[in-house]
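**Student:** Sequence first, predicted model second:
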Amino acid sequence: MNTAAIPNTETKKRWTAQRVLHIASWAPNLFSLRITKPAGFLFTPGHYARLGLPVGDESPIWRAYSIVTAPHEEFLEFLVTVVVGGNMSRLLTGITEGAEIMVESAAMGFFVAAQLAPGETLWMLSTGSGVGPYVSMLREGSVCGRYRKVVIVHSVRTSAELAYTEAFRELAAQHAIEYVPVVTREAGATALAERVPLLVDSGTLAAHVGEKFDAETARVMVCGNPDFTADMRRVLSARGFVPCRRGLSGSMLFENYW
Ligand SMILES: NC(=O)c1ccc[n+]([C@@H]2O[C@H](COP(=O)([O-])OP(=O)(O)OC[C@H]3O[C@@H](n4cnc5c(N)ncnc54)[C@H](OP(=O)(O)O)[C@@H]3O)[C@@H](O)[C@H]2O)c1
């Protein structure tokens, strides 16, 4: 077990050393990383934290990861995709429980549900590890009070990559939440198997859920693969959805996840 202490000699402490509590593998390329939470660490669901790992005598490598846990939970958790050839991925896949990891003191981000104008239904659309921020939002729960229904759509290649599927099913059993998994490369794994922009554009997703998907009543969050977010932007713009701009609420909100 790697328990080496990371020295922090900074006077202002832009970061603290935290400890890895648990690593849970979903698929060969996907795992959840649970770590201790810095004292007084504040964030809003949808925010990301920057994690750092030392590389010998060189400067540490830092990467941003969306927080999956809710603010009231006592630890921080992140959903990590292993990027082949990626420096941070190489370091993170070698990390073990008990090891130290650096966490920047301030969480950041604009992918916050409160940016959206009020509406009737909230559609949380995601691919791959882009589902992470929605886990935090739904565990915190305040979005459920602002919408008649919340629909969480998670598109992955294979069913093993449906991270947090049990958590979503449990939340859906207790609240006005509908969970729609979409597996695109495993015939028959899910009721819907086409790419999400196509499912929205054809009306198939709306029909499956039994709700309207229009700019008057629907609010849409989009998080994941940059090609997916670009495709969704085109589909939603053509239907009259308006992006959130600094200080101005809109009907669609995007986060590129890579
Ligand atoms: N650099 C990073 O931070 C980062 C983060 C995540 C992933 N990655 C890399 O990206 C690769 C794939 O990531 P992944 O496993 O999450 O798979 P992915 O290619 O993002 O696929 C996940 C889901 O998104 C769908 N999808 C892909 N492109 C789409 C588009 N333009 N519109 C709508 N849906 C789309 C896929 O459908 P189809 O099956 O139809 O393609 C699949 O259902 C991995 O090799 C990983 O290393 C990099």
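**Tutor:** Yes, it's here.
**Student:** Every contact and neighbour count from this point should use C-alpha atoms.
**Tutor:** Noted.
**Student:** contacting residues around stretch 173-192?
**Tutor:** Around stretch 173-192, the neighbours that count as contacts under Cα atoms under 8 Å, 6 or more residues apart in numbering are 144, 148-159, 162, 168-169, 171-172, 193-195, 209.
**Student:** That stretch and the ligand in contact?
**Tutor:** Yes. Judged by Cα under 6 Å from any ligand atom, stretch 173-192 and the ligand are in contact via 183-185.
**Student:** List buried residues within the contacts of stretch 173-192.
**Tutor:** Neighbour counting over these (16 or more other Cα atoms under 10 Å) leaves 144, 149-156, 158-159, 162, 168, 171-172, 193-194 as the buried ones.
**Student:** Let's see which of the contacts of stretch 173-192 end up in helices.
**Tutor:** Among the contacts of stretch 173-192, DSSP state H puts 144, 168-169, 171-172, 209 in helices.
**Student:** What strand or helix carries Thr234?
**Tutor:** I think there's a mix-up here, since residue 234 is Arg and not Thr. Assigned by DSSP states H and E, Arg234 belongs to helix 226-238.
**Student:** angle of the very next helix or strand once past that helix against helix 226-238?
**Tutor:** Tracing the chain C-terminally past helix 226-238 and defining elements by DSSP H and E, one meets strand 252-256 next. Here strand 252-256 points in a direction 170 degrees away from that of helix 226-238 (axes from the mean of the first three to the mean of the last three Cα atoms, to 10 degrees).
**Student:** Which elements pack onto strand 252-256?
**Tutor:** Judged by 3 or more Cα pairs under 8 Å, 6 or more residues apart in numbering; DSSP states H and E, the packing partners of strand 252-256 are strand 218-224, helix 226-238.
**Student:** Just give me how far that strand sits from the chain centre.
**Tutor:** Here the centre of strand 252-256 is set off from its chain's centre by 11 Å, with Cα atoms, centre = their mean, to the nearest Å.
**Student:** buried residues in that strand?
**Tutor:** Under the neighbour-count rule (16+ other Cα under 10 Å), strand 252-256 has 252-255 buried.
**Student:** wait, which of those residues is closest to Arg90?
**Tutor:** When the buried residues of strand 252-256 are compared for distance to Arg90, the smallest value, 24.2 Å, is given by Glu255; criterion: Cα to Cα.
**Student:** which residues does Trp15 contact?
**Tutor:** When contacts are taken as Cα under 8 Å, 6+ apart, Trp15 is in contact with 102-105.
**Student:** angle of the helix holding Arg234 against strand 218-224?
**Tutor:** Using the same axes, to 10 degrees, one finds that helix 226-238 and strand 218-224 are set 160 degrees apart in direction.
**Student:** So helix 226-238, near the ligand or not?
**Tutor:** Yes. Against the ligand, helix 226-238 shows contacts by Cα under 6 Å from any ligand atom at 227-228, 231.
**Student:** mind giving me TSV with the residues you listed and columns for neighbour count?
**Tutor:** Below are these laid out as TSV (neighbours: other Cα atoms under 10 Å):
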residue	neighbour count
Asp227	10
Phe228	19
Asp231	15
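**Student:** No more questions from me, cheers.
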